[in-house]
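Student: Using only what follows, build the 3D model:
(chains A and B)
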Amino acid sequence: MNWLQVILTVVTIGSIFSVVTLALNLQYARGGMINFGVVAYFAAGAYIYAIFTHPAPEGLDQYIIGLDWPWWAGFIAAGIASLLFAVLTGWPTLRLRGEYLAVTTFAFAEVLYSFLLNERRIGNGAVGLSNIERPIRDWGTIDEKYIFAIVAVALMFLTAWIFRKLLNSPYGRALDAIRDDEGAAQAIGKSAKRMRLQVFLLSAIPIGFAGALYAMYMTLVSPRLFTAEVSFIVWIALVLGGERTIWGAMAGTFGLILLEEVITSLPFESVSAAQNAAAMNHVVTGLLFIAVLRWQPFEWISKKLEKK
Amino acid sequence: MLLLQYIVSGVATGCFLILATIGFSLTRHVEGFLNIAHAQLLGVSAFSTWWINVVLGWPLIPSAIIGIFCAALIGLVIGRVVYEPIRSAGPAILLISSVGVAHILGGLIDTAIGTGIRTLNIDIATSYRFWGIRITDHQLLVVALAVIASASLSLFLAKSRTGLAIRAMAVNPSLAASRGVDVKRTSRATWLLSSSLAGLAGVVLAIIATLSTEIAFEQILQILAVAILAGLGSLFTVIWSGLIIGIAMDASVFWIPAGYRPLIAFGVVIIVLVFRPDGLSGRRSS
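Tutor: As a prediction, the model looks like this:
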């Protein structure tokens, strides 16, 4: 096993997913919204990046739009696409609460997935688009993969920093007030509905950027990469890390991605052994998930730290 | 005529959805959360039925009974071990925990069964024609089972003591407890009942569909759609929304490509929720 490669992958993928976890943390722990379709915004970013940077279709290609624009235009478009998708989905659904919101967002993600799979004109259907534009090249002696990891980490810290600034501002306190007591917050003039929508839209932007980065890293977008499994992984990461803290969200994501990468990079004798390991990976994450939710070890640790 | 044919097969699909959803709806009423792992119980029963029927070579009916028993038992154990200790944590935590349970069950089924598609060792469906419309005996079986299951469930809830306790708990758990309902016992009875219903639906699934290990996940999407469409209403709203979604899905094939069939379920749900945020029943959860 090549440990350096595993660590690099964990850092890169972990940082990209951390951005999504951070956004989800903002939506759930601060905004009180359960978004079970977070993969849709991620996929929107990745696909729009691919469509904007891909050359025009030729030969066997079935997609119809390939703009062949530079990478930075695609990257910006990815953030905007995710934002627009959030407008489209958030505006009609955010008045739903709790489980109804969870199911509707989940439904929207499934709708998008189904479109990407069945509508070949968007991105070749199940085949997907390959050879995605990858702007990052070797810098002198430094290999491309290191730079990629650095960029991913930078995006993560930038997102974390902006969210932190936002939450420590009066705006963040107003959000907490709405989450804790909606009626009281509205009585002093905070529009819960509008603020919830703002948070929803704002948190969608970095998810779109992360999607674009993911597309560059994989050099491929296909519906298989954006199943509901992604939403669940991000949720598990958020719960593992203990909701409400930025560091927790990042730590949970890295822990989970590390677990997955180590399992997938273990050398296996046969295909069936590898399949069993993947299945057991599900079992282990499921068990971890339930245990963390039941005993809440992170809340306990943070309380201990506060007392000291 | 072709459209009518699609509508008839839509009724059969709807009846399967009703079978799959009544257990889910029952836990939602009594335990107060959406149990994502419910569909995996369908998988547990479908695959244990398959295993006993095909690998051990038993006839269908005893295999089905053991399959349902497996699902009921596992559902009860999970209810006791996982959900009971965190009942007070609120519906969001319970919902998210059930995703964990679904992962565990899905992973275990994957390990035990492996990939590939499977069918039960039974006669293939024979179809009958009524005025030019084809109906298979499997479809008739699904409809009959859905009618029997919902009728006996509503009789059980209306007439028996346990049924009364379950209904009391669904309306107001703390009031029910203070009036002498044994909350733990009733909750376990609910788990047993809803898991057996999942088991029955799993057997039906094994009969009407080819089984692969992803099948449980595909079902949860439709179960969620039916349950959310029904809202927190009575058993009859579940029956209505099951039929609506079943017919909408199958009839849609008449106009749009079949690949979009699963999408229709959610299309209906999104449209209904935009106009009626609490589902068809219009009843609000407290």
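
Student: Please count neighbours and contacts with C-alpha atoms only from this point.
Tutor: Noted.

Student: what about residue 167, which helix or strand?
Tutor: Just so you know, I chose chain A. Secondary structure from DSSP states H and E places residue A:167 in helix A:144-168.

Student: Oops, wrong one, chain B.
Tutor: Residue B:167 belongs to helix B:161-171, assigned by DSSP H and E.

Student: Quick check: residue A:207 touching residue A:79?
Tutor: Yes: contact between residue A:207 and residue A:79 holds when scored by C-alpha atoms under 8 Å: they sit 7.4 Å apart.

Student: These two: which has the busier surroundings?
Tutor: Neighbour totals were compared for residue A:207 and residue A:79, and residue A:207 leads with 34 against 26 (other C-alpha atoms under 10 Å in any protein chain shown).

Student: can you pull the contacts of the more buried one?
Tutor: Residue A:207 makes contact with A:19-20, A:23, A:41-42, A:45, A:79, A:82 under the criterion C-alpha atoms under 8 Å, 6 or more residues apart in numbering or on different chains.

Student: Closest one to residue B:89 out of the residues you listed, please.
Tutor: Residue B:89 has its nearest neighbour among the contacts of residue A:207 in residue A:23, at 23.5 Å by C-alpha to C-alpha.

Student: ok, the closest residue in space to the closest one that isn't next to it in sequence to chain B distance?
Tutor: Counting by C-alpha to C-alpha, 6 or more residues apart in numbering or on different chains, residue A:23 lies nearest to residue A:203, which is 4.9 Å off, once chain neighbours are set aside. Distance from residue A:203 to chain B, counting by C-alpha to the nearest C-alpha, to the nearest Å: 20 Å.

Student: for residue A:293, same thing?
Tutor: Here the distance between residue A:293 and chain B works out to 7 Å (C-alpha to the nearest C-alpha).

Student: That residue belongs to a strand?
Tutor: No: read with DSSP: H, G, I helix; E, B strand; the rest coil, residue A:293 is helix and lies in no strand.

Student: ok, it - how many residues close by?
Tutor: 22.

Student: Quick check: it touching residue B:99?
Tutor: No: using C-alpha under 8 Å, residue A:293 is not in contact with residue B:99; the gap is 11.4 Å.

Student: quick revisit: just after the helix holding residue A:167, pick out the following helix or strand.
Tutor: That would be, after helix A:144-168 and using DSSP H and E, helix A:170-180.

Student: how far does the helix holding residue A:167 sit from the chain's center?
Tutor: 13 Å (C-alpha atoms, centre = their mean, to the nearest Å).

Student: Helices of the chain, start to end?
Tutor: Since no chain was named, I'll use chain A. Along chain A, counting by DSSP state H, helices occupy A:3-25, A:38-53, A:71-93, A:98-118, A:120-123, A:144-168, A:170-180, A:182-187, A:192-218, A:228-240, A:246-265, A:271-295, A:297-307.

Student: oops, I was thinking of chain B
Tutor: B:2-31, B:38-50, B:60-78, B:91-113, B:137-159, B:161-171, B:173-178, B:183-208, B:215-230, B:235-252, B:261-275.

Student: Name the residues of the longest one that are buried.
Tutor: Neighbour-count burial for helix B:2-31 flags B:5-31 (criterion: 16 or more other C-alpha atoms under 10 Å in any protein chain shown).

Student: next one: the fourth one
Tutor: Buried residues in helix B:91-113, counting neighbours by 16+ other C-alpha under 10 Å, are found at B:91-111.

Student: Please apply the same query to the last one.
Tutor: Counting neighbours by 16+ other C-alpha under 10 Å, one finds that the buried residues in helix B:261-275 are B:261-270, B:272-273.
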